[in-house]
Structures are given as structure tokens and as C-alpha cells.
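1. give the three-dimensional model of this entry:
(chains A and B)
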Amino acid sequence: MSLDNYLYLSAILFTIGAVGVVVRRNAIVVFMCVELMLNAANLTLVTFSRINGTLDGQVIAFFTMVVAACEVVVGLAIIVTIYRSRRSASIDDASLLKR
Amino acid sequence: MTMLTNNGLVYLIALPLFGALSLLLLGRRADKWGHLLATGMSAGSFAVGLFQLSEMLGREAESRPVTQKLFTWISVGSFNVDASLLLDQLSICFVLLITGVGTLIHIYSISYMSHDPDRRRFFAYLNLFIAAMLLLVLGDSYLNLYVGWEGVGLASYLLIGFWNQKPAYATASKKAFIMNRIGDMGLSFAIMIAFASLGTVSFSGVKEQAHDASEATMTAIGIMLLVAAVGKSAQFPLQAWLGDAMAGPTPVSALIHAATMVTAGVYLIVRSNFVFDAAPNAQLLVVIVGAITLMFGALVGTAKDDIKKALAASTMSQIGYMILASGLGPAGYAFAIMHLLTHGFFKAGMFLGAGSVMHGMNDEVNMRRYGGLRKFMPITFITFGLGYLAIIGVPPFAGFYSKDMIIETALNAGGAKGIILGSVTLLGAAITAFYMTRVMILTFTSPKRWDDNQHPHESPILMWLPMVILSIGSVISGFLLYRGEALKHWLEPLFEEHGEHTELLPPIVVSGLALLMVALGVALAVVKYQLSEVDAVAPENVTEFTRVARRDLLQDEINETLFMRPGQVITSALVKIDESVIDGAVHGIGKMALGSGSFLRKSQTGFVRSYAALILIGAVALIAAIWVVTT
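-> Residues are numbered from 1 along each chain as shown, chains lettered A, B, ... in the order given. Predicted coordinates:
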């Protein structure tokens, strides 16, 4: 099986994630879409690592996972806090910074 | 030859400077005794001057100058200016004149200003003036001189505007200051040219190079020095400030605007004799300025009814004589200084006399409202009369010797120049005699024209004593300086030898001619004012000339149309340019930032999703661009 298919899969996953971030309002869903994009990127990295026969891509993939874990911790904490105070998880409601 | 050093010179300046500073800093606490301190400081400075003179007399002619280095002022590479004082045969004349006449005027002012609530401030300024003027004549370089030059300008400004609660007086002080600035600029240019082309600004340094430097350089320095002298000494065409300067208290007019400060220009030219000797064209210009001013001042003097302004016009004219003499080269320098010294006595004396008359006449200055004061103010009459005889040049009074020598030197200048200058000085002598006789008659000998509210009376002793001393000076000083050519020999080591001098007319004939002119002037004035009725109000049906002369021969109008109006136009144009172009650019940049900010602000919606979409679009666009470029 050609390794190209992994790249196609990661491109599809990334596109789904990106579209989800732009079109969905629910913060949790947006969050999951971001995770999807991160994992698509990881898949690409690992695939290229395989194609090139080096370990660089895999090392970066680990870094990405660590960053994603941190992001989840902080991001979820923020979402929960906002939900508690505003009774809403819609990210369009959290648009106060423009003022 | 190294010059002797003397550490006592600094006291000449330090004493009056200490007086000025302590009076200004102590404020009202010094009100009770301030005038005494100031007078004491001035007298102390005079005593130091006398001591220095006695020391100087005890030495050989070539080792008479002494210096004192105060501190190193500027030291940049090879360029060095020390703040040093130089006392030589020329400066000692000025030191004694300034401190001597200055002390007498301090004494006079104690009484004259006794009713003024600001007497302490007045004395502080007087002491400041003395200190600055002494620095002017004692500086050993043009830069040191410049400090004193500015200092006397400041003191003059402060004292002319001493009663600045009257707007006209405040304006007069500003006028004097601003017109002086033009001259000051000349001096600073002269210093800059000397520094740029000769690399030195000290008198001795410039003197050494005067012969080797190009004539063009020397002419440029000379003309700039002349501009400076013209401003400070109220010479044509910068003379308009002197008449208005009479707004100051009368002792100020006597000290600053008659005896000392206005003669600083003559000092500058005589001190820079080496420059002018090396620049015949500049020297010729000096003579021309002197000749014009001497006629100008004399003509204005014939029409003035204000006693102080008549005397001011006379001062202008007499300084014209000095400037003319100093432009005649080595032959004239000594006579310029001689006339300066005798003039210091008789003109200061007459100004004090005018102050005494005003004191007795409720500050009335219009001579048409005087008359017959001889009986009421005998001492003032006699002292003023002696000054009068001195200024018109009646032998053996002081002015006779000094003015006669100038006329003689002018006639002997050679060729057409000699004849023109000789006739100008002779004619000037006649006009001087006319207007001074007019002042004398209108004030003292004609029938009284004042009303009965006036109670003219003689001034107190503190006022007439200085007048008496000055009048003695105006009687004997000329003879003392002339006898055996005393002043000429005294100053000789400072100047170059002058070559053969031609004699157009024998001296006795010149004196005779001068006396004839004086007699004519006096006779005309007697006929016009003593023997015929004088109006108490200035008549209107007068000749066009009188009308113009009353307005200072239109110099103010000329200045206004030629300089002030165009200056105002330029200024308002500059203001407009400043407002529209420069401010416009600054404000425009600010407005642009504001406008673009408020436009770009609209893109900041606060919606996370739109930011994310923008990031996405941006990233896609970036990748697309890279793709396009690389393939």
C-alpha cells in the first residue's frame, strides 16, 4: 500500500477539523475539531518520517502530543469556567474582547 | 616680551559685582542701606583704579600693561581662551572714567532716587552696569569683551525700563535692547571671522596676524566691528534708540547714555586699531559713519524741546566726532579718546544738571515750559553753564582742546577727504553751539514760561556736589590732557607710528575758524531765542525741516518701512507656513494613524470563529503563494 494514502487521509482529517472550527458554535465541538487538526498534522509528520526514513517527524509528533495535552487542560478549564459563569458554551457569546 | 601680572585687577570688577549681587539677593532687607553699599563698592573700585594708575605711572612705558588670568575658559585642541583681564594705558582711562563718574552718579542718585520705592533695585542695576562696563574695557580678548558688551546691554535695558509700569518706557527699553542686538550680532560675526580665519580671538593674537592676514579678512572683521560700534554707540543708521532711552531715570542717562556705555563703540574701534590700520576701506566707512552721525545728531538737537532728548541728540553728535576721529587712523585715536574723556565729564555734568532742573520743576522736561531758572537754581546754572562752555568749545574749557584736535586732524587727513571732513566737523561745531545755546537760553536765561503751581528750587547738596565736581572736570580736563600732548604720549605705545602728516592749515587758523563757527552758532541762537519771544507751546507753523527734525529726521519711519514692516510680513508669513505646512504635517500624520486605526478596528469583531477563518484563509493563501512561486 502506498504511503500516499496516509497523506490523503491526514489532509481529509485536517480539512474536516478546519471546517468544524469555522462553522460550529459549540465550544466543545470546536475544541474536538482542533484536536482533529492536531492529529492530522501528527499523522503527516509520522508519514513523512516513514517516507524519509528519519526519526525527526516522529520526535515532533511527540512534542505535538504534549502540547495538545497541555492545551486540552487549559482549554477545557476555560470552557468550563465560561460555562459556569454564563450558562452557555457557545463561542459566539464570548465576544466581549472587541469592546 | 611677557607682560607683568597683577592679581589686584579682579577687585575692580568684583567689588561692584558683589554690590549688585548682594542687593539683588538680599531683597527688601537691604532697602535701608543698599544705596550706601552700592556707592561704597563703586568708590572702592575707583580707589583700586587710582592705585593701579599710580603703580602704572611708576613703570617704564613699555612695561605698563598688566594682566591677570582668572581661569581657563575654553580649551579645545590648539584653541585657548582664558578669562583674563588686561589693564593698559587705554583701559585705565576708561576704568577711571567709569568708576569716577560712576561714583559721582551713585552719590547723586542717593538723593535723586530717594523717593522711589525701588531705590535698592536701581542701585543694584547701577553696580551691575559698572561691573559689566569694567569687564568690557578690561577683557583681553574679543570674547571677554563680548561678555561685558552684553552685560552693559542688559544693564542698559533694565535701567531704561526701570519705571516699566509705564508702557511707553517699557517699549523704549525693548527698542534699545533690540537695536543693540543688531550691533551685538556684528560683534559676534567679527569674533567668528577672527576665529575662523586667524584662529585666535585675543587682542594680542589678532594684532600679531593683522599684517599677514589678507586685507579682505581684515576688512570683514573691521566692518563687523563697526556694526557693533554703530549699535552700541547709537551711530547712523542704528541711532534711533538713544532718544527713547531717555525714558530711564536721569542719572542713568548721564552715566550710561552719555558718559560711558555709548562710548563703548569708540573704545572698540580704538582697541582694534590694528584691524582698521590694516583695512583702509573699513576705516573709511568708520569716518563716513562718524561724519553722518555728527551732522545727524546735531540737526536733530536743534529741534528737540525735551531737554533730555536735546542732550541725547547732542551725545549722538559728539560720539560721531569720536568715531570720526577714530577712523582717521593713528593720528586720530588719541584725540578720539581725549574727546571721549572730556565729553564724559561735561555731558554727564549737563545730564545731572538737567536732572536737577527736572527735580525742581516737578519732572517737567519740556524746555518751552522752563525759562528764567538762573535765579532759582544758581548752582545748577553755573555747573550746567560750565559744561555748556566746554561742549561748544570755548577756550580754555575741556571741549575746546579735544574738539579742536579732532577738527585739525580731520582737516589734515589729506586731499578731498580732509577738506570734506574738516568742513563737516567745523559745521558740526557751529550747529553744536547753536543747539546748546538754545538749551541754555530756553532753560535758564529767557523769561519764565512756567505757571505758578511750579516752585523751582535748588537741589540738595548730594545732588549739586557731583555736578560741581563734574563741572570742574569739564573746565580743566581738556587742558590737563592736552598739555604737552600728555594723553597722546600716554597712549602712543599702543598704536602704530603714523607717517608724515600734512598740514592743510596752521593750527592757530583752525582754532580761529572753529571759534568763528562757534560764535556764529551762538549768535544765531541768541537772536532767535534770547532776543525774540519763545512760545510756551511748540509752534506748528514751522519749516518742513523743523517738522522732520522733531521726528528724529524720520529715522523711526525709515526703520519701520524698511525693516519693521517687511520683517512683520516675513514673520506672519512664517507663522502661516508654520501653521499650515509644519503643523499640518504633524497633525496629518496623527490624523492618518487615527483614521486607519478606526478603519482597521472594524475587522476586530471579537468572534473567535471569524479569526479562525481568517487564519485559515491566510494560511491557505500563504501555501498557495509558496506553491506558485516554487513551481
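
2. count of residues packed around the nearest residue to residue A:96 once chain neighbours are set aside?
-> Of all residues not flanking residue A:96 in the chain, residue B:606 sits nearest, at 6.7 Å (CB to CB, 6 or more residues apart in numbering or on different chains). In short, each C-beta sits where N, CA and C put it, glycine included. Neighbour count of residue B:606, defined by other CB atoms under 10 Å in any protein chain shown: 13.

3. Three-state assignment for residue B:114, please.
-> The assignment at residue B:114 comes out as coil when based on DSSP: H, G, I helix; E, B strand; the rest coil.

4. I should have written residue B:532 there, sorry.
-> Per three-state DSSP, the local secondary structure of residue B:532 is coil.

5. with residue B:237 instead?
-> Residue B:237 is classified as coil under three-state DSSP.

6. for residue B:453, grab the count of nearby residues.
-> 6.

7. so for stretch B:282-300, mean pLDDT?
-> Averaged over stretch B:282-300, pLDDT sits at 91.

8. list the buried residues in the longest helix anywhere in chain A.
-> The longest helix of chain A (DSSP state H) is helix A:56-86. Residues A:57, A:60-61, A:68, A:75, A:79, A:82 are the ones in helix A:56-86 that count as buried (16 or more other CB atoms under 10 Å in any protein chain shown).

9. and that helix, what other elements does it pack with?
-> Here helix A:56-86 touches helix A:27-52, going by 3 or more CB pairs under 8 Å, 6 or more residues apart in numbering or on different chains; DSSP states H and E.

10. reformat the buried residues of helix A:56-86 as TSV; add distance to residue B:345.
-> Listed next are those as TSV, based on distance: CB to CB, whole Å:
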residue	distance to residue B:345
A:57	108
A:60	104
A:61	108
A:68	105
A:75	101
A:79	103
A:82	99
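
11. and the two most separated of these?
-> Among these, the pair separated by the greatest distance (CB to CB) is A:57 and A:82, at 35.6 Å.

12. on that earlier part again, run the angle between the longest helix of chain A and helix A:27-52 for me.
-> Helix A:56-86 runs at 180 degrees relative to helix A:27-52, counting by axes from the mean of the first three to the mean of the last three CA atoms, to 10 degrees.

13. show me where the chain dips below the pLDDT cut-off.
-> Going with chain A. Applying pLDDT under 70 to chain A flags the ranges A:1, A:97-99.

14. other chain: chain B
-> Residue ranges of chain B with pLDDT under 70: B:1-2, B:498-502.

15. redo that, cut-off 80
-> By pLDDT under 80, the low-scoring segments of chain B are B:1-3, B:6-7, B:61-62, B:414-415, B:452, B:484, B:496-505, B:531-556, B:603-604, B:606.

16. what residue lies at the spatial centre of chain B?
-> The residue lying closest to the centre of chain B (CA atoms, centre = their mean) is residue B:262, at 2.5 Å.

17. hang on, that one packs against residue B:256?
-> Yes: using CB atoms under 8 Å, residue B:262 makes contact with residue B:256 at a distance of 7.3 Å.

18. mind saving the C-alpha coords of the host helix or strand of residue B:133 as CSV?
-> Using DSSP states H and E, residue B:133 sits within helix B:119-138. Extracted in CSV, the C-alpha atoms of helix B:119-138 (Å, rounded to 0.1, in the frame of the first residue of the first chain):
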residue,chain,number,x,y,z
ARG,B,119,15.8,102.6,45.0
ARG,B,120,17.7,99.5,46.1
ARG,B,121,17.0,97.8,42.8
PHE,B,122,18.1,100.9,41.0
PHE,B,123,21.5,100.8,42.8
ALA,B,124,21.8,97.1,42.2
TYR,B,125,21.5,97.7,38.4
LEU,B,126,23.9,100.6,38.6
ASN,B,127,26.5,98.4,40.2
LEU,B,128,25.8,95.7,37.7
PHE,B,129,26.4,98.2,35.0
ILE,B,130,29.7,99.3,36.5
ALA,B,131,30.9,95.7,36.8
ALA,B,132,29.9,94.9,33.2
MET,B,133,31.4,98.0,31.8
LEU,B,134,34.6,97.4,33.6
LEU,B,135,34.7,93.8,32.2
LEU,B,136,34.1,95.3,28.7
VAL,B,137,37.2,97.5,29.0
LEU,B,138,39.4,95.1,30.9
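
19. packing partners for whichever helix or strand comes after that helix?
-> Helices and strands here follow DSSP H and E; after helix B:119-138, the next one along the chain is helix B:142-160. On a contact count with 3+ CB pairs under 8 Å, 6+ apart, helix B:142-160 meets strand B:79-87, helix B:119-138, helix B:167-193, helix B:215-232, helix B:264-271.

20. can you give me the buried ones in helix B:142-160?
-> Residues B:142-146, B:148-153, B:155-160 are the ones in helix B:142-160 that count as buried (16+ other CB under 10 Å).

21. rewinding a little: of the helices and strands packed on helix B:142-160, which is nearest chain A?
-> helix B:167-193 (57.3 Å; CB to the nearest CB).

22. could you give me the buried positions within the closest one?
-> The neighbour-count check on helix B:167-193 (16+ other CB under 10 Å) flags B:169, B:172-177, B:179-180, B:183-184, B:186-191, B:193 as buried.

23. go on, stretch B:117-124?
-> Counting neighbours by 16+ other CB under 10 Å, one finds that the buried residues in stretch B:117-124 are B:119-124.

24. kindly reformat the residues you listed as a markdown table and extend each row with distance to chain A.
-> Formatted as a markdown table, these follow (distance: CB to the nearest CB, whole Å):
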| residue | distance to chain A |
| --- | --- |
| B:119 | 69 |
| B:120 | 66 |
| B:121 | 63 |
| B:122 | 68 |
| B:123 | 70 |
| B:124 | 65 |
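
25. of those residues, closest to residue B:40?
-> Proximity of the buried residues of stretch B:117-124 to residue B:40 (CB to CB) peaks at residue B:123, which lies at 10.6 Å.

26. would you confirm that the closest one contacts residue B:23?
-> Yes: the pair residue B:123 / residue B:23 is scored as a contact, 6.0 Å apart, by CB under 8 Å.

27. what touches both of the two?
-> Common neighbours of residue B:123 and residue B:23, counting by CB atoms under 8 Å, 6 or more residues apart in numbering or on different chains, are B:34, B:37-38.

28. by neighbour count, which of those wins?
-> Each of the shared contacts of residue B:123 and residue B:23 was scored for neighbours by other CB under 10 Å, and residue B:38 scores highest at 30 neighbours.

29. immediately after the helix or strand where that residue lies, which helix or strand?
-> Assessed by DSSP H and E, residue B:38 sits inside helix B:34-57. Remark: after helix B:34-57, the chain's next helix or strand is strand B:66-76, criterion DSSP H and E.
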